[in-house]
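Colleague: just coords:
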């Protein structure tokens, strides 16, 4: 059975068919005089994606006594491929039955005899959201409580992030120029005047507590891209006074921008789709973890995983990390590793907090 580019929306698949196909009739969308290829010839391209899913089985994914609700577990395979990670693979005009028939034709190029049809119920082997949390949990718990400085040698790329993370960072790096302005805030004042610029930098090493990115005794400079974000990050009280200072790079600096972790636009043509998904998941979680407040009583332990990854980024030659703010919607923070590469404007200003906002949600 032959398929054509009009059967798909994915640009990688369409390009492959246009490059290798011959003119003919499509057996699925019925288009004529388009370039077509045997559906089975796409099996190698689909293989890394199909490996992420498995058929629903009694005793593994559900029990027989679940009753009629059991049908809610799983989807037909074409829907799994598209919905699980938001990929657009098949043409919109294809009906579900045709998508299943097309996918069966593709799988016929590689699948083992006895595999269930694409129209059966399938599930992801690891849900994407669970995958992110699972990756972070396993890594964080190991480095906090088992092996802190020399990771345990075991299977999987997370056994040694330092071996793969530096090669990946250039994809999400950017530069900040000396003309860039950042903001640093500090709660309080000095004799009814704002703190001096000299008091707005990092604390002395002997007084430097553990932070999201820095270990105790190794101070980094935490700033924000907007003054309001900097104020929100220190969580001031109503009526409190806050000193704000402007901070500029002395030279051009290179940051790793965790807010720009790219989506995987197409699952095709990748050497190891699962590994790329896991690495992207780790960096996405790191962005969240850097912004997430923790219980101050547990901070020194809870910050260890983010500190470890920040040091890998430092060792790779970068000057800092850009990450989202959890305290100011839409805000962005930056942690710089070396304060000597920045200058704090001598003119600081004092502001008073006139309003605060608080929200909560019930525990489930």
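Modeller: Received it, and whenever you're ready, just let me know what you need. All values derive from a computational prediction rather than experimental measurement.
Colleague: From now on I want contacts and neighbour counts done on CA atoms only, so please keep to that.
Modeller: OK.
Colleague: which helices and strands sit right next to the helix or strand of the chain with the lowest mean pLDDT?
Modeller: Of all helical and strand segments in the chain, the minimum by mean pLDDT, DSSP states H and E falls on helix 128-145, at a mean of 75. Here helix 128-145 touches helix 273-291, helix 304-315, going by 3 or more Cα pairs under 8 Å, 6 or more residues apart in numbering; DSSP states H and E.
Colleague: Pull out the buried positions in it.
Modeller: Residues 131-132, 134-136, 139-140, 142-144 are the ones in helix 128-145 that count as buried (16 or more other Cα atoms under 10 Å).
Colleague: Same question for stretch 257-273.
Modeller: By 16+ other Cα under 10 Å, the buried positions in stretch 257-273 come out as 257-261, 266-268, 273.
Colleague: what's residue 279 in contact with, if anything?
Modeller: Residue 279 makes contact with no residue, according to Cα atoms under 8 Å, 6 or more residues apart in numbering.
Colleague: make that residue 106, sorry
Modeller: Per Cα under 8 Å, 6+ apart, neighbours of residue 106: 39-43, 46.
Colleague: Make CSV out of the residues you listed and add neighbour count.
Modeller: Listed next are these as CSV, based on neighbours: other Cα atoms under 10 Å:
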residue, neighbour count
39, 23
40, 20
41, 18
42, 21
43, 20
46, 20
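Colleague: Secondary structure, pLDDT and distance to residue 356 added to those, as JSON lines?
Modeller: Below are those laid out as JSON lines (DSSP: H, G, I helix; E, B strand; the rest coil; pLDDT from 0 to 100; distance: Cα to Cα, whole Å):
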{"residue": "39", "secondary structure": "helix", "pLDDT": "96", "distance to residue 356": "60"}
{"residue": "40", "secondary structure": "helix", "pLDDT": "95", "distance to residue 356": "61"}
{"residue": "41", "secondary structure": "helix", "pLDDT": "95", "distance to residue 356": "60"}
{"residue": "42", "secondary structure": "helix", "pLDDT": "95", "distance to residue 356": "57"}
{"residue": "43", "secondary structure": "helix", "pLDDT": "93", "distance to residue 356": "57"}
{"residue": "46", "secondary structure": "helix", "pLDDT": "94", "distance to residue 356": "51"}
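Colleague: Pick out whichever of the residues you listed sits closest to residue 100.
Modeller: Nearest to residue 100, judged by Cα to Cα, of the contacts of residue 106 is residue 39 at 12.1 Å.
Colleague: Next, count neighbours for residue 198.
Modeller: Neighbour count of residue 198, defined by other Cα atoms under 10 Å: 10.
Colleague: remind me which residues of the protein are low pLDDT?
Modeller: 58-72, 111-114, 126-132, 152-159, 358-361, 363-364 (pLDDT under 70).
Colleague: show me what contacts the most centrally placed residue in it?
Modeller: Centroid check for the chain by Cα atoms, centre = their mean gives residue 284 as the closest residue, at 1.9 Å. The neighbourhood of residue 284, defined by Cα under 8 Å, 6+ apart, consists of 258-259, 261.
Colleague: 7 Å instead, please
Modeller: 258, 261 (Cα atoms under 7 Å, 6 or more residues apart in numbering).
Colleague: from the buried residues of stretch 257-273, which is closest to residue 357?
Modeller: Closest approach to residue 357 among those (Cα to Cα): residue 259, at 24.4 Å.
Colleague: Show me what counts as buried in stretch 237-252.
Modeller: By neighbour count on 16+ other Cα under 10 Å, the buried set for stretch 237-252 is 241-250.
Colleague: Format the residues you listed as a markdown table; extra columns: secondary structure.
Modeller: Output for the buried residues of stretch 237-252, formatted as a markdown table (DSSP: H, G, I helix; E, B strand; the rest coil):
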| residue | secondary structure |
| --- | --- |
| 241 | strand |
| 242 | strand |
| 243 | strand |
| 244 | strand |
| 245 | strand |
| 246 | strand |
| 247 | strand |
| 248 | strand |
| 249 | strand |
| 250 | coil |
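Colleague: Please tabulate those in CSV, including the columns distance to residue 231.
Modeller: Output for the buried residues of stretch 237-252, formatted as CSV (distance: Cα to Cα, whole Å):
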residue, distance to residue 231
241, 10
242, 7
243, 9
244, 8
245, 11
246, 12
247, 14
248, 18
249, 20
250, 23
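Colleague: How many residues are close by the closest residue to residue 142 other than its chain neighbours?
Modeller: Nearest residue to residue 142 in three dimensions, chain neighbours excluded: residue 148, at 7.5 Å (Cα to Cα, 6 or more residues apart in numbering). Close neighbours of residue 148, defined as other Cα under 10 Å, add up to 15.
Colleague: Could you look up the SS state of residue 148?
Modeller: Residue 148 is classified as coil under three-state DSSP.
Colleague: Quickly note the distance from it to residue 253.
Modeller: 29 Å (Cα to Cα, to the nearest Å).
Colleague: Kindly report the same for residue 193.
Modeller: Relative to residue 253, residue 193 is positioned 32 Å away (criterion: Cα to Cα).
Colleague: Could you do residue 332 as well?
Modeller: 17 Å.
Colleague: Give me the more crowded residue out of those two.
Modeller: Neighbours were counted for residue 332 and for residue 253 using other Cα under 10 Å; residue 332 has more, 20 against 17.
Colleague: Count the residues that sit near the closest residue to that one other than its chain neighbours.
Modeller: In this structure, residue 332 finds its nearest non-sequential neighbour in residue 324, 4.5 Å apart by Cα to Cα, 6+ apart. Residues contacting residue 324 under the criterion other Cα under 10 Å number 22.
Colleague: next one: residue 345
Modeller: Neighbour number of residue 345 under other Cα under 10 Å is 16.
Colleague: Could you check how far it is from residue 274?
Modeller: Note on residue 345: its distance to residue 274, by Cα to Cα, is 47 Å.
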